[in-house]
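# give the three-dimensional model of this entry:
(one chain, ligands or ions: 1)
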Amino acid sequence: MKSKWSIVNSRWLIIFRQWTIDYQPLTITIIMASAISCSTKDSKFLQYYAQGEQLYVKHCSNCHQKSGKGLGRLYPPIASSDFIQNNFNETICLMKYGKQGVITVNTIDYNKPMPGVVGLTDLEVAEIATYIYNSWGHEKGLVGVLQTSSVLRTCQR
Ligand code: HEC
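Predicted coordinates:
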């Protein structure tokens, strides 16, 4: 016959097992969310972002505006642009090498050549990318310089 204690213990065991099964996804989500928020807020990210903002203001905001909203039908928006969400490599390339031909951003067509900013270093492109990919509704996290360099090597000039 089972003693009173072993019944109590096995009940707790069952409750505990059930808890870990029920709450496992929640626990994992909490751990991952805090890991992601810590890693995106780390100092490298902040440094890239801050540098990127300055470079954006200097090289890009004339046309795309500080708000990232673009200008009428002339300059497409970067804020909430589906183009940059779906075309990472092309976005990296066009900063440095420009772009021409029809481009569709958020269902609107634009067609005016964008001159590239040829003098940008790989690091500067990575910094601008970190800025635009984490502003105005975009939340991609750090765009590293190694990743950027390997994309830049593939650009058609
Ligand atoms: C002289 C004006 C001008 C400047 C400066 C400029 N752009 Fe553009 N940009 C354009 C135009 C015009 C297009 C549309 C090109 C086309 O029609 O093919 C464009 C397209 C884009 C696109 C793709 C469409 C979109 O809005 O998602 C991105 C991303 C972009 N530019 C980012 C930048 C960044 C980053 C810089 C700074 C490094 C920059 N641009 C500098 C005029 C400019």
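
# what sits against residue 101?
residue 111 (CB atoms under 8 Å, 6 or more residues apart in numbering). (C-beta placed from N, C-alpha, C; glycine too.)

# helix, strand or coil for it?
coil (DSSP: H, G, I helix; E, B strand; the rest coil).

# do the same with residue 14
Quick answer, by three-state DSSP: residue 14 is helix.

# pop out the phi and psi values for the spatially most central residue of the chain.
For the chain, the residue nearest the mean C-alpha position is residue 140 (1.3 Å; CA atoms, centre = their mean). Backbone torsions for residue 140, taken as degrees, to the nearest 10, come to phi -80, psi -20.

# least trustworthy helix or strand in this protein by mean pLDDT?
helix 4-40 (a mean of 72; mean pLDDT, DSSP states H and E).

# next helix or strand past it?
helix 43-59 (DSSP states H and E).

# from residue 104, how far out is residue 29?
Using CB to CB, to the nearest Å, one gets 35 Å for the distance from residue 29 to residue 104.

# same question, residue 124
Computed as CB to CB, the residue 124 to residue 104 distance reads 27 Å.

# how far off centre is the strand or helix carrying residue 124?
Using DSSP H and E, residue 124 sits in helix 122-132. Distance, stretch centre to chain centre, for helix 122-132: 11 Å (CA atoms, centre = their mean, to the nearest Å).

# same thing with stretch 80-89?
10 Å.

# what sits up against that stretch?
For stretch 80-89, contacts defined as CB under 8 Å, 6+ apart pick out 76, 78, 91, 103-106, 132-133, 136-138, 151, 154.

# briefly note if that stretch comes near the ligand.
Yes. Using CB under 6 Å from any ligand atom, stretch 80-89 reaches the ligand at 81, 83, 84.

# with that, I have no additional questions.
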